[in-house]
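> what shape does this take:
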Amino acid sequence: MFTPKTDRIKEIAEKYPEIIEKLVGIFSGRVNVYIDYANVRPWSEKLQWHIEPRRLKQFLQSFGNISLVRFYQGELVSDPRSHKEVKHLQSLECKRFSLRTKPVKIMKFSIDMSSVDDQSPILLRHFIRASLLRKLDIETIEFLNKKLREMNKKGAFEIQDRKCNFDVEIGSDMRVDHLTDGVETFVLWSGDSDFADPIKSLLENKKKVVLFATAGRISRELNDLIPQGLIIFDIGDIQDFICWLPEIERKKTL
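Here you go, the predicted model:
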């Protein structure tokens, strides 16, 4: 059952009734939604539009049989923008909307070439998979090391990478909900291959699993589960319901 939570959602739903009808058919029985926001947010670079959590919450809660929306977001300690994002998500928490956070890990990798031979792949191993590195010829390795030396001359001797993976937490929550909460439809917002095993297990237990993602952002392991019943829904179809309002207005003028 679909009951618009806001007048704006009602207006958009009247414009796209086929989308609402499709989702009503997908959201059967008791539904839980799991949003890996740490992975979803970077999709905006490909989508060229951004998801607004408040509008997303209002849209999902317009479907009466969605019992719980679980949101997962990392927080970069001492970063004002990250803190603001988490505070915004916390302001949305309620009985049907939960938030789980944890600190983003900062990993540092040396790119200091001062004691490294031009033909050595020792630093490149941090950034290139071993299976690919073995196939690179000496000229390519020398070229890449030259680029690292150029970075050293500009004062850069290390790079930082951020990591905040919620795969274990989401997989665990899905399993617990399966065993204790009577959920019939599991909706996962992610395209990460690490979810292949828990999704396969749910499908084998006759549960409906729906993957909300973007075209070209779904791993091969998840695509392989489509014949077993995994449903793929392109979030581009609900852009007007969930993206930033200024982006909708700009879209209207194009």
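> which strands border the lengthiest strand in the chain, and is each parallel or antiparallel?
Using DSSP state E, we find that the single longest strand of the chain is strand 66-75. On the basis of DSSP bridges, the sheet neighbours of strand 66-75 come out as strand 31-36 (parallel), strand 97-103 (parallel).
> from Phe27, how far out is Gln90?
With the distance defined as CB to CB, to the nearest Å, Gln90 ends up 26 Å from Phe27. (Each C-beta comes from the backbone N, C-alpha and C, glycine too.)
> which of these two has more residues huddled nearby?
Taking neighbours as other CB atoms under 10 Å, Gln90 and Phe27 compare with Phe27 leading, 22 against 12.
> read off the pLDDT value for Glu142.
Listed pLDDT for Glu142 reads 94.
> tell me how many other residues crowd the closest residue to it other than its chain neighbours.
Spatially, and ignoring its direct neighbours in sequence, Glu142 is nearest to Asp118 (5.0 Å; CB to CB, 6 or more residues apart in numbering). Counted with other CB under 10 Å, the neighbours of Asp118 add up to 14.
> please apply the same query to Tyr72.
26.
> phi first, then psi, for the closest residue to it other than its chain neighbours.
Leaving aside its sequence neighbours, Tyr72 sits nearest to Phe166 (CB to CB, 6+ apart; 4.1 Å). When quoted as degrees, to the nearest 10, the phi and psi of Phe166 stand at phi -110, psi 20.
> and for Thr185?
On the backbone of Thr185 - angles per degrees, to the nearest 10 - the values are phi -120, psi 120.
> so in terms of bridging, what pairs with it?
The bridge-partner assignment for Thr185, based on DSSP bridges, gives Val31, Lys208.
> from Glu11, how far off is the residue nearest to Tyr72?
Relative to Glu11, and taking CB to CB, Phe166 is found at 34 Å.
> the two: which is more packed in?
Set side by side, Phe166 and Glu11 show more neighbours around Phe166, with 26 against 11, by other CB under 10 Å.
> so Ile12 makes contact with Ile238?
No: counting by CB atoms under 8 Å, Ile12 stays clear of Ile238, with 9.0 Å between them.
> for the longest strand of the chain, buried residues please.
Across strand 66-75, burial judged by 16 or more other CB atoms under 10 Å covers 66-75.
> can you give me the helices for the stretch 51-200 of the chain?
The residue ranges that make up the helices of the stretch 51-200 of the chain, judged by DSSP state H, counting those that start in this stretch, are 53-60, 80-90, 130-133, 138-153, 167-180, 196-204.
> thank you kindly, that will do.
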